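Novice: quick one: sequence plus predicted model below, questions after.
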Amino acid sequence: MRRSGPLNPTGDRHWRGSARLAVGCALAFCGMTFLVDWDAGTLTAPRALLWLVLTTAACAILLPHRVIAGPGWLEVRGTMRRRRVSTDALVAVRQSGGVSSHLVLRDVYGRRLEVDPRVLLANPLLWHELDTGVRRSRERGTLRHGSEALERLGREIDDSTAQAVFRESGLS
């Protein structure tokens, strides 16, 4: 039986642009600090090294996490670590509230990751991979908590996709 859909992992299609913006902001910070220090006549080798270290730190902080999904897994890669869960063996899903909402996924192997729902909203292929895995988890009976959060997110993604199709076709 052949699997339908993409064989390669699916990634966030907006990540490269966000990464370029993060690097650009860090480089602008570096340029401005060097320029101000040079103009004040206080630019020395230790201060230049300090500005380079701060620029690297700013870039690491601003660099967005990269979300990648494949058949049966979802992975979030940060600057320091990589987290992966098996989407076809999920135990619980919950949506944490607050200023920045995150979807927290836990699988039967004890692995856990957090993903921003806006990334899934902006990337229907990522959502499709996650949704396919969630359906398998439900079929196997491992997913016990959080189905309502995923259904709510799924409706939101379907609505935004339909609105985008209507907008592009000139029907709205």
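Specialist: Sure, I can see it. Computed from a predicted model, the values in this text were never measured in an experiment. Residues are numbered from 1 along each chain as shown.

Novice: spell out the secondary structure type for residue 74.
Specialist: When the structure is reduced to helix, strand and coil (DSSP: H, G, I helix; E, B strand; the rest coil), residue 74 reads as strand.

Novice: and the strands in this protein?
Specialist: For the chain, the strands defined by DSSP state E occupy 10-11, 66-70, 73-77, 82-86, 90-96, 102-107, 112-115.

Novice: give me the angle between the fourth one and strand 90-96.
Specialist: Regarding strand 82-86 and strand 90-96, their directions subtend 120 degrees when assessed with axes from the mean of the first three to the mean of the last three CA atoms, to 10 degrees.

Novice: please apply the same query to the third one.
Specialist: Computed by the same axes, to 10 degrees, the angle separating strand 73-77 from strand 90-96 equals 50 degrees.

Novice: what residue spans form the domains of this structure?
Specialist: Domain assignment for the chain by automatic domain parsing gives 10-62, 67-169.

Novice: before we move on, the earlier item: residue 141 is nearest to which of the strands of the chain?
Specialist: With CB to CB as the criterion, residue 141 lies closest to strand 90-96 of the strands of the chain, at 10.5 Å. From N, CA and C alone the C-beta is placed, and that goes for glycine too.

Novice: tell me which residues in that closest one are buried?
Specialist: Going by neighbour count (16 or more other CB atoms under 10 Å), the buried part of strand 90-96 is 90, 91, 92, 93.

Novice: need the max-distance pair from these.
Specialist: In the buried residues of strand 90-96, the most distant members under the criterion CB to CB are 91 and 93, with 8.6 Å between them.

Novice: list residues touching both of those two?
Specialist: When contacts are counted by CB atoms under 8 Å, 6 or more residues apart in numbering, residue 91 and residue 93 have 106, 143, 145 as shared neighbours.

Novice: now the nearest residue to the second one once chain neighbours are set aside: how far from residue 130?
Specialist: What it means is residue 143. Among residues not flanking residue 143 along the chain, residue 137 sits closest, at 3.9 Å (CB to CB, 6 or more residues apart in numbering). Here the criterion is CB to CB, to the nearest Å. By it, residue 137 lies 10 Å from residue 130.

Novice: now swap in residue 21 and tell me
Specialist: Here the criterion is CB to CB. By it, residue 21 lies 25 Å from residue 130.

Novice: cool, residue 110 as well?
Specialist: Distance from residue 110 to residue 130, counting by CB to CB: 19 Å.

Novice: neighbour count winner among these two?
Specialist: When residue 110 and residue 130 are compared for neighbours, residue 130 comes out ahead with 27 against 8, by other CB atoms under 10 Å.

Novice: state the distance from the more buried one to residue 54.
Specialist: 37 Å.
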